[in-house]
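Student: what follows is a predicted structure for the sequence shown.
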Amino acid sequence: MRTRGKVKGLRQTEVLVIGGGPAGLSASLEAASLGCQVTLVDSDLALGGQLIKQTHKFFGSKDERAGTRGFKISEILLEELERYKDRVKVHMNCTATGFYREDGVVSCVIGEDEYFRIKPGKIVMATGAQERLLPFPNNHLPGVYGAGAVQTLMNVYGVAPGKRVLMVGAGNIGLIVSYQLMQAGVEIAGIVEAMDRVGGYWVHAAKVRRMGVPIYLRHTIKEALGDRVVAGAVIQEIDDRFQPVGKEIQIDVDIICMAVGLTPTCELLWQAGCEMVFVPQLCGHVAQRDLFMRTSHPDIWVAGDAAGIEEASAAMVEGRIAGVGVARSLGKDDSSEHSKRLEEYRRRLADLRGGEVGQKICQGLECCTVNEWGV
Amino acid sequence: MVMDLIEKHPILEFKHGKKVKFTFDGDEMEGYEGEPIAAALHANGVRIYRVTPKREQTRGFFCAIGKCSSCFMVVDGVPNVRTCVTPLKTGMRVETQRGKGVIAMDAD
């Protein structure tokens, strides 16, 4: 019989980075480049987080590889990681399950049954985001899938999620995933959006419109049809108060893809007792942080979507800043190098947030940023 | 059952690993070693991964990041395995989970 729940002894590391997406990889690389010994844990089977499923070319700025496809950016980061492999120990398929305030120990599980405890000097929480769902009858049926899950299935493993899809949400993710589904040979029956306009970038909307996909503005999903699996969907127009009006439209689909937003994954930050604040512009509860991305807990930093929903380019820069932050607090390398790098990264973040979308992010950040904690 | 995979893609080239055999509720299927069990099942046309304890509702693939518990299945006799983040191995015995699952006590 297979043994369940093997527990190994207490491990040590200078820096523990939780999450190997754009933010966590960048934080690991930056800390390692400044001489830190890093342990990086990631719950997935491959590093790169959401980057590995992004087939579109990034916007952002040249410093953050605008014009390069997301999965290529992940490959570039992994090549850089290869150079620091003696300083960064990676655990894949490894979930950080708890933070224990009394002794600062983090519990982790590899796969389903190999547990270990680790005592880090400093921690970077780069746990990313999770998808939101809407309440509607039958939303539990197999065939109602998160947009990120659909991307994983088709862009990482080459499996088409279904034959015909209703996309719920016309933000950037809904638009991009619709286009990606068409690239994978899947038909898009339509995109529903509760607002009276498309939320995502116009360039993404134009791509799906050119392919003849109807976008139903001021519509929402009323229910999923089907007994054991999704066999269709009912959509309906809504009024200014989001109440259903007008006639119901039945759509013949086998997949309902939910792209109604993300919220930061912040359970570990709560467990650690970090000061948290609800910031609508950042899509949920986020940790208060200083300009080094340090939370109110002196040993914990945060970066990327876990610090507030934004996008991968900013996540990479935030990760770099957090990496410098932990190295600085550990007294690694000289402070003039830290200052030089921080100045550079802060300039890059300001560039990325210069546009119209960035304004909303900056408003949100004002609600949760302090200059520096008095430590 | 033949795996239904995306063959032509304008941007991506899929590099699959070694093809292995496994069973789902006793039926032999093929998948790629190291890829999530849930993805292999989906490629084989399986949509229902478990049935809930009280209302007996069907559940399947959903979040794909090991967080939502929708894809819990019984794998090699062990219940509540997150099949979206558990790599497929040759000869695995994958079963639809009905209810909460029974945890086998260790014999050793």
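Tutor: Structure received. Numbering: from 1, shown residues only, chains lettered A, B, ... in the order given.
Student: use CA for all of it now, contacts and neighbours both
Tutor: Fine.
Student: which residues touch the closest residue in space to residue B:58 that isn't next to it in sequence?
Tutor: Leaving out its chain neighbours, the residue that sits closest to residue B:58 by CA to CA, 6 or more residues apart in numbering or on different chains is residue B:51, at 4.6 Å. With contacts defined as CA atoms under 8 Å, 6 or more residues apart in numbering or on different chains, residue B:51 is in contact with B:57, B:58, B:59, B:96, B:97, B:98, B:99.
Student: buried residues of the helix or strand that residue A:124 is a member of, list them for me.
Tutor: Residue A:124 is part of strand A:114-125, with elements assigned from DSSP states H and E. Residues of strand A:114-125 classed as buried by neighbour count (16 or more other CA atoms under 10 Å in any protein chain shown): A:115, A:116, A:117, A:118, A:119, A:120, A:121, A:122, A:123, A:124, A:125.
Student: ok, now stretch A:98-106?
Tutor: A:98, A:99, A:104, A:105, A:106.
Student: also stretch A:320-333?
Tutor: So for stretch A:320-333, counting by 16+ other CA under 10 Å, buried means A:320, A:321, A:322, A:323, A:324, A:325, A:326, A:327, A:328, A:332.
Student: lowest pLDDT pick from those residues?
Tutor: Lowest in pLDDT among these is residue A:332, which has 92.
Student: does that residue count as helix, strand or coil?
Tutor: coil (DSSP: H, G, I helix; E, B strand; the rest coil).
Student: on that earlier part again, just the closest of the buried residues of stretch A:98-106 to residue A:144, please.
Tutor: residue A:98 (29.5 Å; CA to CA).
Student: just to be sure, that closest one is in a strand?
Tutor: Yes: under three-state DSSP, residue A:98 sits within a strand.
Student: that older thread, format the buried residues of strand A:114-125 as a markdown table; extra columns: pLDDT and distance to residue A:142.
Tutor: Shown next, in a markdown table, are the buried residues of strand A:114-125 (pLDDT from 0 to 100; distance: CA to CA, whole Å):
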| residue | pLDDT | distance to residue A:142 |
| --- | --- | --- |
| A:115 | 94 | 31 |
| A:116 | 95 | 34 |
| A:117 | 96 | 36 |
| A:118 | 97 | 37 |
| A:119 | 97 | 40 |
| A:120 | 98 | 40 |
| A:121 | 97 | 43 |
| A:122 | 98 | 41 |
| A:123 | 98 | 37 |
| A:124 | 98 | 35 |
| A:125 | 98 | 32 |
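Student: ok, so of those residues, who is nearest chain B?
Tutor: For the buried residues of strand A:114-125, the closest approach to chain B (CA to the nearest CA) belongs to residue A:115, at 15.1 Å.
Student: please name the nearest non-neighbouring residue to the closest one.
Tutor: residue A:109 (4.3 Å).
Student: distance between whatever helix or strand the one you found lives in and the chain's centre?
Tutor: Using DSSP H and E, residue A:109 falls within strand A:105-110. Per CA atoms, centre = their mean, to the nearest Å, the displacement of strand A:105-110 from the mean C-alpha position of its chain is 21 Å.
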